[in-house]
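Novice: no FASTA, just this:
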């Protein structure tokens with residue numbers, strides 16, 4: 001089912017998850033505006049050519065080293081990736097100070113090589129990373145606020161806890177769908193429903209687009225809008 005979801009872009013997935021609650025094909029899982037279920041404009045797709053991806057969220061929190069806490073590290077994140085249903089999407093929260101948060105080249109070629117080997121398809125983070133040239137050939141997606149060349153000491157603060165990534169609240173095990181438009185999430189137990197509904201919605205939209213593309217002037221557009229409005233009233 002996750003592979004089948006790659007036949008649809010992320011806006012189409014959002015349409016059936018929550019965007020149009022009045023549409024019978026929309027599951028209405030969240031209040032569309034005020035609940036944090038998709039990313040905002042701070043998150044940018046680094047490799048649009050990779051296309052659409054879907055996987056189970058594994059979350060991690062990175063920050064500066066804390067001398068009083070050094071219990072967690074990369075090994076714990078890799079173990080979490082291997083224990084998760086596959087494939088996975090890493091959702092990394094960055095909690096660095098304001099003076100350095102835009103200079104943290106968090107992930108790079110070595111880390112992404114390990115992530116991919118452990119079953120991850122991509123990395124979504126509310127901060128920068130680096131090594132675009134090394135990561136690009138891997139087919140491993142970066143969804144970031146930007147890029148920067150370096151970093152200092154970093155540490156893992158938590159693994160598989162709820163996080164907010166660029167306006168999207170993510171819990172471990174939720175489904176992440178992402179492409180060049182951004183990312184969205186929904187509960188894993190709704191996977192079959194999302195796939196069924198987005199398939200039906202695409203068929204309906206293809207029919208509608210076929211009609212729209214045949215319109216030749218403004219009057220035909222207005223007539224078509226009137227027909228649609230009447231159809232909605234009749235269905236009600």
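Specialist: Received it, and whenever you're ready, just let me know what you need. Keep in mind the model is a prediction, meaning the values are calculated, not measured.

Novice: Any stretches of the protein with poor pLDDT?
Specialist: 208, 210-211, 231-236 (pLDDT under 70).

Novice: Tell me where it has strands.
Specialist: 44-45, 53-63, 88-94, 120-125, 141-144, 155-159, 163-165, 168-170, 175-179, 182-186 (DSSP state E).

Novice: okay, those in a markdown table with distance to residue 7 and mean neighbour count next?
Specialist: (Glycine included, C-beta is placed from N, CA and C.) Below are the strands of the chain laid out as a markdown table (distance: least, Cβ to Cβ, whole Å; neighbours: other Cβ atoms under 10 Å):
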| stretch | distance to residue 7 | mean neighbour count |
| --- | --- | --- |
| strand 44-45 | 18 | 18 |
| strand 53-63 | 10 | 23 |
| strand 88-94 | 18 | 25 |
| strand 120-125 | 16 | 25 |
| strand 141-144 | 17 | 26 |
| strand 155-159 | 32 | 18 |
| strand 163-165 | 25 | 21 |
| strand 168-170 | 22 | 21 |
| strand 175-179 | 11 | 26 |
| strand 182-186 | 16 | 25 |
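
Novice: Can you tell me the closest non-neighbouring residue to residue 86?
Specialist: Among residues not flanking residue 86 along the chain, residue 119 sits closest, at 4.7 Å (Cβ to Cβ, 6 or more residues apart in numbering).

Novice: for residue 48, same thing?
Specialist: That would be residue 180: by Cβ to Cβ, 6+ apart, it lies 3.9 Å from residue 48.

Novice: what about that neighbour, distance to residue 69?
Specialist: As judged by Cβ to Cβ, to the nearest Å, residue 180 and residue 69 stand 37 Å apart.

Novice: And for residue 80?
Specialist: Remark: distance between residue 80 and residue 69 (Cβ to Cβ) = 18 Å.

Novice: who has more neighbours, those two?
Specialist: residue 80 (18 against 12; other Cβ atoms under 10 Å).

Novice: Pull out the buried residues from the longest helix seen in the chain.
Specialist: In the chain, ranked by residue count with DSSP state H as the criterion, the top helix is helix 191-213. Neighbour counts over helix 191-213 (16 or more other Cβ atoms under 10 Å) mark 191, 193, 194, 195, 197, 198, 199, 201, 202 as buried.

Novice: can you state the direction angle for it and strand 175-179?
Specialist: 30 degrees (axes from the mean of the first three to the mean of the last three Cα atoms, to 10 degrees).

Novice: So which of the strands of the chain is nearest residue 23?
Specialist: strand 182-186 (15.8 Å; Cβ to Cβ).

Novice: Against which helices or strands is the closest one packed?
Specialist: helix 10-14, strand 168-170, strand 175-179 (3 or more Cβ pairs under 8 Å, 6 or more residues apart in numbering; DSSP states H and E).

Novice: Any idea how far the second one is from the middle of the chain?
Specialist: Think strand 168-170. Averaging C-alpha positions (Cα atoms, centre = their mean, to the nearest Å) puts strand 168-170 9 Å from its chain's average.

Novice: Show me what it is packed against.
Specialist: strand 163-165, strand 182-186.

Novice: so can I have JSON lines of those strands showing distance to residue 40?
Specialist: JSON lines is the format used below for the helices and strands packed on strand 168-170 (distance: least, Cβ to Cβ, whole Å):
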{"stretch": "strand 163-165", "distance to residue 40": "10"}
{"stretch": "strand 182-186", "distance to residue 40": "8"}
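
Novice: For residue 94, find the nearest of those strands.
Specialist: Between these, strand 163-165 lies closest to residue 94; by Cβ to Cβ that is 9.1 Å.
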